[in-house]
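[1] Next one to model:
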Amino acid sequence: MPKGTNQKFKLYRLAQIMLEMTDDEHYITMPEIIEALGKYEITADRKSIYNDLRDLEVLGIEVEGESVGKSYHYHVVNRPFELAELKLLVDAIQSSKFITERKTNTLIKKLEKMISKYETMKLQRQVFVSGRIKTMNESIYYTVDAIHNAISENRKIYFQYYQWNVKKEPELRHGGAYYHISPWGLLWDHENYYLIGYDSRAEQIRHYRVDKMLHILLSEEIREGKEEFQKIDMASYSKKSFGMFGGKEQSVKLLVENSLAGVIVDRFGKDVMMIPADADHFTVSVDVQVSSQFISWVFALGSQAKIVSPKNVVNQVRKEIEKLAEQYALPIENRREN
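    A predicted model of the protein is given here:
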């Protein structure tokens, strides 16, 4: 049998054919394998293909043959991911605000290469998120990688930081000056990545939205703030800072209606202690960074939740209420009409 022009790619093409054309429900026969190789200008006989199929196991591709009538049917078994697992990954990628639309499509196409062409058709969008807004910062993945590298090398980083202005344009903060921060960890909270780092000038731990970081550079300086970082419980860091807005950490006691028990558990975890106050209410003490975001969260619970202590936080809530009352107060003439 004369050899084809692409014989040196035979094993590669055979692997490609088996991975693309077979799965647990779809098989291929020996004549079909020979025909498929022929499309790549590769000739082969049955004996050599038998040997090649065994060789594929060395590459981590396990092929199983099954006798059906007078012929054998072959298919790939034990793939790295099951279809159900890949669907979960696709759902996570598509519903993630953190991943850009362009990168979403690229990642899904890469995942599709791990299954057959038949299963690819099943790997469709499973999760529909209303009004999903994707980030527009394409460099975010390289920023995350650079942060990981800096942490592993125990080095500080430089970066610029931006915010959106009223014209919906990115605007560099601090006049475009570079931040010089010691990176200590990455935190995922409310669909955003945050860098947890030590600011040597302020002598405190701060956090920064990763998708708002630009032009990250590795510094020659060794990281600082290890002692400060070790004081932080990363597992509860985001629970204490609402919307990642900082504030003075305090233990706050709430009086809450029983119907909101699930809301409290979802926000603070199952370890939180809820003490019955009466037949309809319970009290709970939580450690939080008291900020306007935290107070707004309590306001959102309406009359079903109330901050009862400490006094300084209660006073802070009253001031917020007074500001809102003043902001939404009707002019005197309108009050008379109503």
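
[2] all contacts plus neighbour counts: C-alpha atoms, from now on.
    OK.

[3] quick one: least confident helix or strand in this protein?
    In the chain, no helix or strand scores lower on mean pLDDT, DSSP states H and E than helix 332-337, which sits at a mean of 50.

[4] what's the single longest helix in this structure?
    The residue-count maximum for a helix in the chain (DSSP state H) belongs to helix 311-327.

[5] Would you mind listing the outside residues contacting that one?
    The contact list for helix 311-327, computed with CA atoms under 8 Å, 6 or more residues apart in numbering, reads 252, 290, 295, 307-308.

[6] 7 Å - rerun?
    With contact meaning CA atoms under 7 Å, 6 or more residues apart in numbering, helix 311-327 is reached by 295, 307-308.

[7] Most neighbours of all those, which one?
    Using other CA atoms under 10 Å as the neighbour test, the contacts of helix 311-327 are led by I307, with 20 neighbours.

[8] Quickly find the element holding that residue.
    strand 305-309 (DSSP states H and E).

[9] How is S219 assigned, secondary-structure-wise?
    The three-state label given to S219 by DSSP: H, G, I helix; E, B strand; the rest coil is strand.

[10] got it, and S67?
    Recorded secondary structure, S67: strand (three-state DSSP).

[11] hey, what's it bridged with?
    With beta bridges defined as DSSP bridges, S67 has these partners: Y72.

[12] Surely it is in contact with H73?
    Yes. Between S67 and H73 there is a contact at 6.3 Å, judged by CA atoms under 7 Å.

[13] Name the residue in the two with the higher neighbour count.
    Regarding S67 and H73, a neighbour count based on other CA under 10 Å identifies H73 as having more, with 17 against 9.

[14] Give the full set of residues in contact with the more buried one.
    If a contact means CA under 7 Å, 6+ apart, then H73 has 27-29, 65-67 as its contacts.

[15] Show me which of the residues you listed are buried.
    27-29 (16 or more other CA atoms under 10 Å).

[16] quick one, helices of the stretch 1-150 of the chain?
    For the stretch 1-150 of the chain, applying DSSP state H, counting those that start in this stretch gives helices covering 10-21, 30-38, 46-55, 83-95, 101-112, 117-120, 140-152.

[17] before we move on, the earlier item: in the longest helix of the chain, what counts as buried?
    Neighbour counts using 16+ other CA under 10 Å place 313-314, 317 of helix 311-327 among the buried residues.

[18] that older thread, got the contact list for the strand holding I307?
    Identification of contacts with strand 305-309 by CA under 7 Å, 6+ apart yields 252-257, 298, 314.
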